[in-house]
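A.B. asks: Predicted model follows, preceded by the sequence.
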Amino acid sequence: MNWDPVLQAVGSKLQQSQSSQTLHDSRRLFHGRGHCYPGFDRVCVDSYFPAILVTLFEEHEDEAGLAAQLWALAEACGYTGLAVQRRYLRGAPIAWEQGAPVEQPEARRGELRFPLTFERQNVGFFLDIEPGRQWLEQQVRDKAGQVENLKLLNLFAFTCAFSVVARAAGELEVLNIDLNKGVLKRGQANHQYNQLATKGIRFLARDALRDFKRYDRSGPFQLAVVDPPTRQKGAFDVEINYARLLEKLPACLADEADLLFVLNSPAHSEVQFREMIGNANSGYEVMERLPQNPDFPDKDLDAALKMLHVKFRR
């Protein structure tokens, strides 16, 4: 199989990173899933320096050849190991196939670090939503010290990267909500790993929708991030539950709040997402769609990750 389009894209990104001030920041080096590279839609390559992670969503000819050729590029740039995750196999196993295993892989974002788990399908840090993290970082910088009792509600918090970024940006309280106690423990560890004070940072294992009455009185929140899974069996489905959650949310918001609503569903267009928000509450006003992470080009922006800055006014 001719892997040249993948190799050229990765080589170009690696050269770009070598001359960048953010040399070791984690990023996607090749994004096939955006359908911009015909024939390579099921291939992705990520940089978690000093590790490279190749993800294959279906079986390809000469996978070993891809790993070897990518390693030739990466080793020259100081990487020490390359792993391959085969999502098409049960359990999505990850195997180190070039160099040496990186004992503690981590995502890097400036001075912040996020330990990863290469033993699981989701390693613990999502690269595509970086524009959302940048948005929240700026919101906290603008509001911290200016807004009394600044609070952030982080729904579907996963490993709490939004919370880490917010606390690093300024003084505020954060309520992290996720059904999974395990990822919340990792979220707490992520704060400690970055030597961030956890006073005022809470981690509650709750259902964002069904348990709303169990956390809504923790507000009022001037900031909120809503980043749900597209479909979580038995728990949440954007088709059924997202609108209901957006209808409930104003009950715990401040009279004026800035919100980040995220939708990662190719089946829903931006127009449909905006309509859902507008129908949920008349106090919502969509200010802008955040730009896509440039490392995640997509042939169809309606199918891509949608991140909307929404202003709420009571």
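C.D. replies: The structure has been received and is ready for your questions. The model shown is predicted, which means the values in this text are computed figures rather than measured ones.
A.B. asks: and P101, what is it in contact with?
C.D. replies: Counting by Cβ atoms under 8 Å, 6 or more residues apart in numbering, P101 makes contact with G81, A83. C-beta: built from backbone N, CA, C; applies to glycine.
A.B. asks: three-state assignment of it?
C.D. replies: With DSSP: H, G, I helix; E, B strand; the rest coil as the basis, P101 sits in coil.
A.B. asks: Check A168 and give its pLDDT.
C.D. replies: Looking at A168, its pLDDT stands at 98.
A.B. asks: can you check Q21 too?
C.D. replies: Per-residue confidence (pLDDT) for Q21: 67.
A.B. asks: And L155, by the same measure?
C.D. replies: pLDDT at L155 comes out at 98.
A.B. asks: same check, this time on the one 5 residues further on
C.D. replies: Among the per-residue scores, C160 shows a pLDDT of 98.
A.B. asks: So what's the residue count around it?
C.D. replies: Neighbours of C160 under the rule other Cβ atoms under 10 Å: 26.
A.B. asks: next one: E97
C.D. replies: Neighbour number of E97 under other Cβ under 10 Å is 18.
A.B. asks: quick one: the lowest-mean-pLDDT helix or strand in the chain to chain centroid distance?
C.D. replies: Every helix and strand of the chain was ranked by mean pLDDT, DSSP states H and E. The lowest is strand 231-232, at a mean of 79. When distances are taken as Cα atoms, centre = their mean, to the nearest Å, strand 231-232 is centred 16 Å away from the chain's centroid.
A.B. asks: Got the phi and psi for S218?
C.D. replies: With angles defined as degrees, to the nearest 10, S218 sits at phi -80, psi -10.
A.B. asks: quick one, what contacts it?
C.D. replies: By Cβ under 8 Å, 6+ apart, the contact list for S218 reads K151, L153, L175, R202, C252.
A.B. asks: a helix runs through the fourth one, doesn't it?
C.D. replies: Read that as R202. No - counting by three-state DSSP, R202 falls outside a helix, being strand.
A.B. asks: So it versus E58, what's the distance?
C.D. replies: R202 is 41 Å from E58, where distance means Cβ to Cβ, to the nearest Å.
A.B. asks: Specify the residue positioned farthest from the middle of this protein.
C.D. replies: Residue farthest from the centre of the chain, counting by Cα atoms, centre = their mean, is M1 at 31.5 Å.
A.B. asks: what distance separates stretch 136-154 from the centre of its chain?
C.D. replies: That offset, for stretch 136-154, works out to 20 Å (Cα atoms, centre = their mean).
A.B. asks: One more: stretch 91-101?
C.D. replies: From the chain centre to the centre of stretch 91-101 is a distance of 22 Å (Cα atoms, centre = their mean).
A.B. asks: follow-up on the earlier one: which of the contacts of S218 are buried?
C.D. replies: The neighbour-count test (16 or more other Cβ atoms under 10 Å) applied to the contacts of S218 identifies K151, L153, L175, R202, C252 as buried.
A.B. asks: Determine which two of those residues are furthest apart.
C.D. replies: Based on Cβ to Cβ, the longest span within the buried ones among the contacts of S218 runs between R202 and C252 and measures 13.7 Å.
A.B. asks: pretty sure the residue farthest from the centre of the chain is touching Q69, no?
C.D. replies: No - if you go by Cβ atoms under 8 Å, M1 and Q69 don't touch, sitting 10.8 Å apart.
A.B. asks: Who are the contact partners of P266?
C.D. replies: D300, D302, A303, A304.
A.B. asks: Okay, domains of the protein per the record?
C.D. replies: 4-115, 130-313 (automatic domain parsing).
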